[in-house]
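Trainee: Got a predicted structure plus its sequence, pasted below:
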Amino acid sequence: MIVSFFIIFPLLCIAAWWYIKLALKEKHLLYDTLIMLAAILSCIAVIYYFYNVSIQGPDRAWWPVLAAFGCLSVFPVVLGVGGIFRLFIFRKLKN
């Protein structure tokens with residue numbers, strides 16, 4: 001678990017840095033807010049999923065750990081996809 005954390009957490013940091021670093025010069029506050037909201041809602045959905053799946057099983061004590069790793073995995077994916085869409089959408093609109 002600790003090794004997984006040391007692999008996944010830097011990916012989260014890299015994704016957040018990449019999302020901020022590759023921002024266009026114009027500020028698109030509404031789009032960025034919606035992407036962050038989508039990432040947070042995705043994490044809430046992952047927590048809800050792991051709670052419902054694990055609570056009745058023999059590994060019910062591990063659902064918070066599984067949910068944390070799920071959130072650490074989902075958050076960078078949502079930021080990455082949002083960053084790619086931002087590059088394509090707003091560069092097309094600019095031209």
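Mentor: Looks like it arrived, so ask away. Numbering: from 1, shown residues only.

Trainee: Find the centremost residue of the protein, please.
Mentor: Nearest residue to the geometric centre of the chain (CA atoms, centre = their mean): Phe75, 1.0 Å.

Trainee: Hmm, it is touching Leu41, no?
Mentor: No: between Phe75 and Leu41 there is no contact under CB atoms under 8 Å: 10.9 Å. To be clear about C-beta, it is placed using only N, CA and C from the backbone, and glycine gets the same treatment.

Trainee: Pull out the buried residues from stretch 29-39.
Mentor: 31-32, 35, 39 (16 or more other CB atoms under 10 Å).

Trainee: Kindly reformat those as TSV containing distance to Val3.
Mentor: Shown next, in TSV, are the buried residues of stretch 29-39 (distance: CB to CB, whole Å):
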residue	distance to Val3
Tyr31	35
Asp32	32
Ile35	29
Ala39	24
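
Trainee: JSON lines please, covering those residues and showing secondary structure and distance to Ile14.
Mentor: As requested, the buried residues of stretch 29-39 are arranged in JSON lines below (DSSP: H, G, I helix; E, B strand; the rest coil; distance: CB to CB, whole Å):
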{"residue": "Tyr31", "secondary structure": "helix", "distance to Ile14": "21"}
{"residue": "Asp32", "secondary structure": "helix", "distance to Ile14": "18"}
{"residue": "Ile35", "secondary structure": "helix", "distance to Ile14": "16"}
{"residue": "Ala39", "secondary structure": "helix", "distance to Ile14": "15"}
